[in-house]
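Asks: would you be able to build a 3D model of this:
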Amino acid sequence: MPLHGFLTLPLGVEPQRLPLVLLVHGGPWAHDGWGYLAAVQFLANRGYAVLRVNFRGSTGQGRRHLTAAIGEFAGRMHDDLIDAVDWAVARGHADPDRVAIVGGSYGGYAALVGVTVTPDRFAAAVDYVGISDLANFLATLPPFVRANMTNNWIRYVGDPDDPEQLADMRARSPITMVDRIRTPLLVAQGANDVRVVQGESDNIVAPLRARGVPVEYLVADDEGHGFENPENQLLLFRAIERHLAAHLGGRSGQGVPR
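Replies: Have a look, this model is predicted:
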């Protein structure tokens, strides 16, 4: 099945063996499109190639592409992301030893899947308001969200009231595989998030800290599902900048062009 996406390259450098950021969109019923995106430009300015791919389950690619995601959380949906990275490496654009996976919401879940299902593929990861436990995510949705999302999630991921499907959901949940994580991780969470509750992040951070795995945890007390206040956005992007610079070698610090 063909995959479509976007590769953004930094200006002024040879586009060969660059550090690569795989930036995964949320949803997953959404898609990356052509146009300006501040996060992409920020990362490219810091010296990274930025890859976005409309993996199966993304909208805007047709019914077959959309429904190919049924039952494929942490499965072929993740394979699509890895295939895209392999494409960038094979073209010579990306250094296979300097690849990060970054995403928010479903993209945060994808980042956690990246460092659990394929722990050797990524040098760094950023989980921004991401899901760690698929069953708990569905159980903690507030009524106004549950009414619009439950049927989709049950069809695509599973019904937690069915013991067999619940076991499968747990097998596809990063929290079940947290002992595999050894990749340096940045986790960002809004304390007032009712869609992906703070417990989804707490449950990842606590066992990693207990094992001594490098993890930075940024919690904004005045945010929900995503950082909206400018001062929090600045804190988040500064943290991402430092995290990626430390583990992928991009630019960081004062004096960087804006």
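Asks: what are the pairing partners of the host helix or strand of residue 186, and which direction each?
Replies: Element membership for residue 186 (DSSP states H and E) is strand 185-190. The strands beside strand 185-190 in its sheet (DSSP bridges) come out as strand 124-128 (parallel), strand 215-220 (parallel).
Asks: for the helix or strand following the shortest one, name the packing helices and strands.
Replies: Next helix or strand after strand 124-128 toward the C-terminus (DSSP H and E): helix 134-139. Packing partners of helix 134-139 (3 or more Cβ pairs under 8 Å, 6 or more residues apart in numbering; DSSP states H and E): helix 143-156, helix 163-171, helix 199-211. In this view, the C-beta of every residue, glycine as well, is placed from N, C-alpha and C.
Asks: report the mean confidence score over helix 134-139.
Replies: Per-residue pLDDT over helix 134-139 has a mean of 92.
Asks: chain center to the helix or strand that contains residue 89, what's the gap?
Replies: Using DSSP H and E, the element containing residue 89 is helix 76-90. Centroid displacement of helix 76-90 relative to its chain, using Cα atoms, centre = their mean, to the nearest Å, is 14 Å.
Asks: pLDDT on it, on average?
Replies: For helix 76-90, mean pLDDT rounds to 98.
Asks: for that helix, packing partners?
Replies: strand 18-24, strand 49-53, strand 94-104, helix 106-117.
Asks: what residues of the lowest-mean-pLDDT helix or strand in the chain count as buried?
Replies: Each helix and strand of the chain was given a mean pLDDT (mean pLDDT, DSSP states H and E); the minimum falls on helix 143-156 at a mean of 79. For helix 143-156, the neighbour count (16 or more other Cβ atoms under 10 Å) marks 153, 156 as buried.
Asks: same question for stretch 204-215.
Replies: Within stretch 204-215, the residues that count as buried by 16+ other Cβ under 10 Å are 204, 205, 208, 213, 215.
Asks: now do that stretch: everything it contacts.
Replies: By Cβ atoms under 8 Å, 6 or more residues apart in numbering, the residues outside stretch 204-215 that reach it are 112, 127, 132, 174-175, 178-179, 181-182, 184-187, 217.
Asks: repeat the analysis, applying 10 Å as the threshold.
Replies: With contact meaning Cβ atoms under 10 Å, 6 or more residues apart in numbering, stretch 204-215 is reached by 108, 112, 115-116, 124-125, 127, 130, 132-133, 174-175, 178-179, 181-187, 189, 216-217, 219, 243, 246-247.
Asks: tell me the contacts of residue 154?
Replies: 138, 160, 161, 162, 165.
Asks: next, count neighbours for the closest residue to residue 244 other than its chain neighbours.
Replies: Nearest non-adjacent residue to residue 244, counting by Cβ to Cβ, 6 or more residues apart in numbering: residue 250, 5.3 Å away. Residue neighbour count, defined by other Cβ atoms under 10 Å, stands at 21 for residue 250.
Asks: which one of the buried residues of stretch 204-215 sits closest to residue 103?
Replies: Distance to residue 103, by Cβ to Cβ, is smallest for residue 204 among the buried residues of stretch 204-215, at 14.0 Å.
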